[in-house]
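**Q** Provide a 3D model corresponding to the input given below.
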Amino acid sequence: MKIAVLTPKAEFATPLQQRLKNLGEIIYTDSRRPYSLAELVKLTKDVDILAIDPDNLGGFELAPNILPKLLDQASSIKSLALSTTSYGYIDEQYCQSRGIKVSNVPHYSSESVAEHAITLLLGCSKRIFVSDRQTQQGKYQLNMGQEISGKTLGIIGLGDIGSQTAKLAKGLGMKVIGWNRTPKKVRGVRNATLDELLSQSDYISIHLRDCEQTRGILSEEKISKLKRGVIIVNTASRELVDEQVLAKALKSGLVDSYTLEAEDLKSGPLGKLKNAFLFKGFGWYTKEALERNKEIWVNNIVSHSKDNLTNRVY
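**A** Below you'll find the model as predicted:
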């Protein structure tokens, strides 16, 4: 068995390294830097299982372009063990056509990302981000914020992260309404249609999976239904939102502020807007979450090797 792991060896605790070593020949990358296609092809020669962290593929936004090219030249690969919960960057049809099995790492960062979403919401509401920008430019001024207690938070996507975000928001005194693609009951959350949620929410937190059915779900028609002055936090994917329309909404005041985690922070219509706050993704980056991630990831790789796959998505 030959396995390529797109993460440096040092990121795995010694017992996990040993578990992988017991499976056969293990190849790690030297760092988290983006690898060229030629480097990736060389790395994956005769590999049976490819364990993927998106960083070596250039991140979530570039991975969908480079990965199919790599797989075209790496015909021996039978399984993809993802280190991420998200798997929207994997081409399902391609993998099915090749018979490639795919697993993900669910739940490991639910608490971390939920706490992060609430932090971003507070950062916008209390004017922390805009005040920091002004201070760094030597242009500090008072910016009036608003309390979140008693306000309505709309959660789009009631999976593990969305549900945990709802729990934390309730603890801060917020009213919470939610919408999920398939109806789901979450304690303390009133279910609503997407249109109702958009028109009633003072704050919105997006937690949908990026897939063909959800891309562009916040379209021009949906954005027009937003409650004026809404604050939106998106820790899921920029592909869920029509950014051209959103930029106009930010300029007009329909949307008070918008926070996004993404790879490309400069190009596109949001890059220079004073009320759009763009960060590289780091909500999942906590000690506890990383420990859970590596444990589950190695378990998945082992299950791939035994053809008894856990956490299979394709």
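**Q** confirm that residue 16 sits in a strand.
**A** No: counting by DSSP: H, G, I helix; E, B strand; the rest coil, residue 16 is not found in a strand; it is helix.
**Q** any chance you could map the helices in the stretch 101-250 of the chain?
**A** Assignment of helices within the stretch 101-250 of the chain using DSSP state H, counting those that start in this stretch yields the ranges 110-125, 128-136, 160-171, 194-200, 220-223, 243-252.
**Q** nearest to residue 265 among the ones you listed would be which one?
**A** Nearest to residue 265 among the helices of the stretch 101-250 of the chain is helix 243-252; the distance by C-beta to C-beta comes to 12.4 Å. All C-beta spots, glycine's among them, are computed from the backbone N, C-alpha and C.
**Q** contacts for the closest one?
**A** Contacts to helix 243-252, defined as C-beta atoms under 8 Å, 6 or more residues apart in numbering, come from residues 218-220, 223, 226, 255, 257-258, 268-270, 273, 275-276.
**Q** strands paired with the next helix or strand after it, and their directions?
**A** Going down the chain from helix 243-252, the next helix or strand is strand 255-261, by DSSP states H and E. Listed by DSSP bridges, the sheet partners of strand 255-261 and their directions read strand 230-234 (parallel), strand 276-279 (parallel).
**Q** hmm, back to that, distance to residue 48, mean neighbour count and mean pLDDT added to the helices of the stretch 101-250 of the chain, as TSV?
**A** Written out in TSV, the entries for the helices of the stretch 101-250 of the chain read as follows (distance: least, C-beta to C-beta, whole Å; neighbours: other C-beta atoms under 10 Å; pLDDT from 0 to 100):
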stretch	distance to residue 48	mean neighbour count	mean pLDDT
helix 110-125	31	22	98
helix 128-136	46	15	95
helix 160-171	30	21	97
helix 194-200	43	17	98
helix 220-223	44	15	98
helix 243-252	40	17	98
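**Q** quick one: those helices as CSV, columns for distance to residue 22 too.
**A** What follows is these, written out as CSV (distance: least, C-beta to C-beta, whole Å):
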stretch, distance to residue 22
helix 110-125, 30
helix 128-136, 47
helix 160-171, 31
helix 194-200, 48
helix 220-223, 50
helix 243-252, 47
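**Q** deepest-packed of the strands paired with strand 255-261, please.
**A** A comparison of the strands paired with strand 255-261 by mean neighbour count, using mean count of other C-beta atoms under 10 Å, puts strand 230-234 on top with a mean of 25.
**Q** give me the contact list for stretch 73-85.
**A** 2, 6-7, 41, 44-54, 71, 90, 95, 99-109, 293, 297, 300-301, 304, 309, 313.
**Q** change it to 7 Å
**A** Stretch 73-85 has contacts (C-beta atoms under 7 Å, 6 or more residues apart in numbering) with 7, 41, 44, 46-54, 71, 90, 100-106, 108-109, 293, 297, 300-301, 304.
**Q** in helices, which of these appear?
**A** Cross-referencing the contacts of stretch 73-85 against helices under DSSP state H gives 41, 71, 293, 297, 300-301, 304.
**Q** for the residues you listed, which one is nearest residue 113?
**A** residue 293 (12.0 Å).
**Q** re the thing from before, so which of the helices of the stretch 101-250 of the chain gets nearest residue 16?
**A** In terms of C-beta to C-beta, the element of those nearest to residue 16 is helix 110-125, at 19.7 Å.
**Q** what is the orientation angle of that closest one with helix 160-171?
**A** 50 degrees (axes from the mean of the first three to the mean of the last three C-alpha atoms, to 10 degrees).
**Q** packing partners for helix 110-125?
**A** Applying 3 or more C-beta pairs under 7 Å, 6 or more residues apart in numbering; DSSP states H and E, we find helix 110-125 packed against helix 160-171, strand 203-206, strand 230-234, strand 255-261.
**Q** for the last one, give the mean pLDDT please.
**A** This predicted structure assigns strand 255-261 an average pLDDT of 97.
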